[in-house]
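In: Below is the sequence, then the predicted model.
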Amino acid sequence: MSSHRYPVVMLIDDNELDNFINKKLLENEQFASTILIHQSAINALDELKKKAGSPSDLPNVIFLDIMMPGMDGFGFLEEFDKLPDSVKTQSKIVMLSTSESFKDLNKANQSKYVYKFLNKPLNKAILDAINV
């Protein structure tokens, strides 16, 4: 029996330092056995598509940054909606932002896939509040 809260978590953030810090926090808090990291929303979607047939490999929680070049977090949500149901039911999305924007918060809350909208950086209290 694993002592981790979740088998698989995915971080999607174009900021390498944020990914490094969040990965360390997830490891230290035993939040996930496996941590998948993507600096591009498109690459993350590709991995989710590949793993759609094997639900145990899919992330339980996806930490998704809003502000990213190319495809932002909201673009990711639009594409996520097109993924197989196996992915959409397995993976709960936690949107992360440095933005205090109510517009972003409202937009995130309108998505049926967004479980929580949180401000960066992650910390132990935030992780403790996640229960998907």
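Out: The structure has been received and is ready for your questions.

In: tell me the mean pLDDT for stretch 15-28?
Out: For stretch 15-28, mean pLDDT rounds to 96.

In: Give me the distance from stretch 12-27 to the chain's centre.
Out: In terms of C-alpha atoms, centre = their mean, to the nearest Å, the centre of stretch 12-27 is set 11 Å apart from its chain centre.

In: who touches that stretch?
Out: Residues outside stretch 12-27 that contact it (C-beta atoms under 8 Å, 6 or more residues apart in numbering) are 9, 11, 31-32, 35, 37-41, 44, 62-65, 68-69, 73, 76, 96, 120-124, 127. All C-beta spots, glycine's among them, are computed from the backbone N, C-alpha and C.

In: Flag every buried residue along it.
Out: By neighbour count on 16 or more other C-beta atoms under 10 Å, the buried set for stretch 12-27 is I12, D13, D14, D18, N19, I21, N22, K23, L25, L26.

In: Export that stretch to CSV, keeping only CA atoms.
Out: In CSV, the C-alpha atoms belonging to stretch 12-27 read as follows (Å, rounded to 0.1, in the frame of the first residue of the first chain):
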residue,chain,number,x,y,z
ILE,A,12,1.5,21.8,-16.5
ASP,A,13,3.4,25.1,-16.3
ASP,A,14,5.7,26.9,-18.7
ASN,A,15,7.8,28.1,-15.7
GLU,A,16,10.6,25.6,-15.1
LEU,A,17,11.2,26.9,-11.6
ASP,A,18,7.5,26.7,-10.6
ASN,A,19,7.5,23.1,-11.8
PHE,A,20,10.7,22.3,-9.8
ILE,A,21,9.3,23.8,-6.6
ASN,A,22,5.9,22.2,-7.0
LYS,A,23,7.4,18.8,-7.7
LYS,A,24,9.6,19.1,-4.5
LEU,A,25,6.5,20.0,-2.5
LEU,A,26,4.5,17.2,-3.9
GLU,A,27,7.3,14.7,-3.1
